[in-house]
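Asks: Okay, here's the prediction I keep looking at, along with the sequence it came from:
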Amino acid sequence: MGIDLPEKIKILIVGAGSTGLMLAIMLAEKGIPFTIIDQKSATPTHSRSIGIHPPSISIFNRLGLLDTLMEKANKVTHGEAYIGSKPMGQIDFTKVDHAHPYILTVPQYHTEAVLEKKLADDYNIKVLRGIYLTTLTHFEKYCWAVLQNKSGKIQHGLKATYIIGCDGIGSTTRTLTGIGFEGSTYPDYYMMGDFEDNIGRRDFATVHLCKEGLVESFPHGINTRRWVVKTDHLIKKPAAQQIAEVAKERTGNYPDPETNTMTSGFRIKRFIADSFFHKRAILAGDAAHVNSPIGGQGMNLGWMDADYLAEVLPDAINKNSEEPIEEYSKKRRVKANIAASRAGFNTRIGRSFNSALLRKGLVSVMVNTPVSDYFIRSFTMLDLPSRNPELP
Ligand SMILES: Cc1cc2nc3c(=O)[nH]c(=O)nc-3n(C[C@H](O)[C@H](O)[C@H](O)COP(=O)(O)OP(=O)(O)OC[C@H]3O[C@@H](n4cnc5c(N)ncnc54)[C@H](O)[C@@H]3O)c2cc1C
């Protein structure tokens, strides 16, 4: 059996991760025809990104998805800062002037499942899974894309007026279009794991600045808490016990390894595409920008890209003008750079501080002075509003 697609389409979305799925729903809402493919045959199962910030919560609300999302989500209203195991103060997200003054925490696989179901149920659109973009040739008025299945035995060529690369950090769309991806990998290593929550206080996330390096804990889902700890080298597949022991050593809390459901080790990267639009190829999400996940907000940034793009694409198509997409590229690039600088700052303060005085001073400034308002706005992403900040 071949790939069941016409030879000419308006829009090809490559990648059905959080960005591609959100964009697909928004285009479907506006009646813009598209096709969405993903190389993965099955939906992912890794909890990955857990934080959904107020501007994104507004988007889920507008799409009528907030109640469904809430079924498996947790509301975080406070961040509590510690020096080691000693509490130093809190920041209160409920102070922000927004209809949703909290961060929702839910595993990324659940969020993506909710989006994919909406696409199928409301618009009868299915993600074509197990299909790769392999070749892309650019012409003045369209792109020629070759799609194939995993074995490469089944191939299909098509013309698309625009191709939108939502295909993540290694974006084939970006590479085949020849768009540069500048950045670097930080000298920072982390391991993290999901454990049964043994702290309670489900509305509190904790940040521990420790002599040996950062520890963070985030309640998410129904009864899970994610522990993230800084290490001095890369441990690709950490044991649950290893994470639990480091958490205990630095914070006094020992998450039970028997209850662990996920562990991983990672390095911190910061990259940005030279342009988000070139030769009829548009980039969004991690294909366009990658941030440190330490206080980073990559998934949410991808949704803001989608929100912007869905607003301007109908105009670009109907008026046959590339100007709105050029604007998209310029404006979203600026926002991505701001978010990356902030995530870089968060990564730096997570490094080990030998000076207890410096750690104490830093935490005091973050939680006990007017500067804390800045941190609240930045942790909730309200300083980087989406295109429609007035959304409820
Ligand atoms: C440990 C960790 C924690 C994180 N925590 C947070 C957080 O709390 N908050 C936050 O906002 N962000 C967080 N992030 C970042 C977030 O996970 C990413 O920014 C987000 O997943 C990006 O989504 P995306 O759809 O752009 O890319 P991806 O999720 O990478 O999806 C890309 C999709 O494209 C498909 N694809 C790739 N190449 C092709 C091809 N050639 N043909 C067809 N399909 C293709 C892939 O199969 C994939 O499904 C975290 C990341 C990590 C690793």
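Replies: Arrived safely, thanks for sending.
Asks: Close to the ligand: what parts of the stretch 201-350 of the chain are there?
Replies: Contacts of the stretch 201-350 of the chain with the ligand, taken as CB under 6 Å from any ligand atom, map to 266, 285, 286, 293, 296, 297, 298, 299, 300, 302. For glycine as for every other residue, the C-beta is placed from the backbone atoms N, C-alpha and C.
Asks: pLDDT check: weakest of those residues?
Replies: Among those, residue 296 carries the lowest pLDDT, at 62.
Asks: for residue 82, which residues make a bridge with it?
Replies: Beta-bridge partners recorded for residue 82 (DSSP bridges): residue 87, residue 208.
Asks: quick one on the thing from earlier: quick one: which of the residues of the stretch 201-350 of the chain next to the ligand is nearest to residue 317?
Replies: Checking these against residue 317 by CB to CB gives residue 285 as the nearest, at 20.7 Å.
Asks: low-scoring stretches of the protein, by residue?
Replies: By pLDDT under 70, the weakly predicted segments of the chain are 1, 295-296, 343-372, 374-375, 377-379, 383-392.
Asks: That one: helices as residue ranges?
Replies: Secondary structure of the chain (DSSP state H): helices located at 18-29, 54-62, 66-70, 108-123, 172-177, 240-251, 298-318, 323-349, 356-368, 371-379.
Asks: Which residues belonging to the fourth one are considered buried?
Replies: In this case it means helix 108-123. Within helix 108-123, the residues that count as buried by 16 or more other CB atoms under 10 Å are 108, 110, 111, 112, 113, 114, 115, 116, 118, 119.
Asks: Would you reformat the residues of the stretch 201-350 of the chain next to the ligand as CSV and include neighbour count?
Replies: Below are these laid out as CSV (neighbours: other CB atoms under 10 Å):
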residue, neighbour count
266, 17
285, 29
286, 25
293, 22
296, 23
297, 28
298, 24
299, 25
300, 24
302, 28
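Asks: any idea how far residue 282 lies from the ligand?
Replies: As judged by CB to the nearest ligand atom, to the nearest Å, residue 282 and the ligand stand 13 Å apart.
Asks: Contacts only, for that residue.
Replies: With contact taken as CB atoms under 8 Å, 6 or more residues apart in numbering, residue 282 is in contact with 162, 163, 164, 165, 276, 309, 325, 328, 329.
Asks: where's the second one relative to the ligand, distance?
Replies: Think residue 163. 11 Å.
Asks: So what's the residue count around that residue?
Replies: Number of residues near residue 163 (other CB atoms under 10 Å) recorded here: 26.
Asks: Which one of the helices of the chain lies nearest to residue 46?
Replies: Of all the helices of the chain, the one in closest proximity to residue 46, counting by CB to CB, is helix 108-123 (6.6 Å).
Asks: Tell me the helices and strands packed up against that closest one.
Replies: Contact partners of helix 108-123 among helices and strands, from 3 or more CB pairs under 8 Å, 6 or more residues apart in numbering; DSSP states H and E: helix 18-29, helix 66-70.
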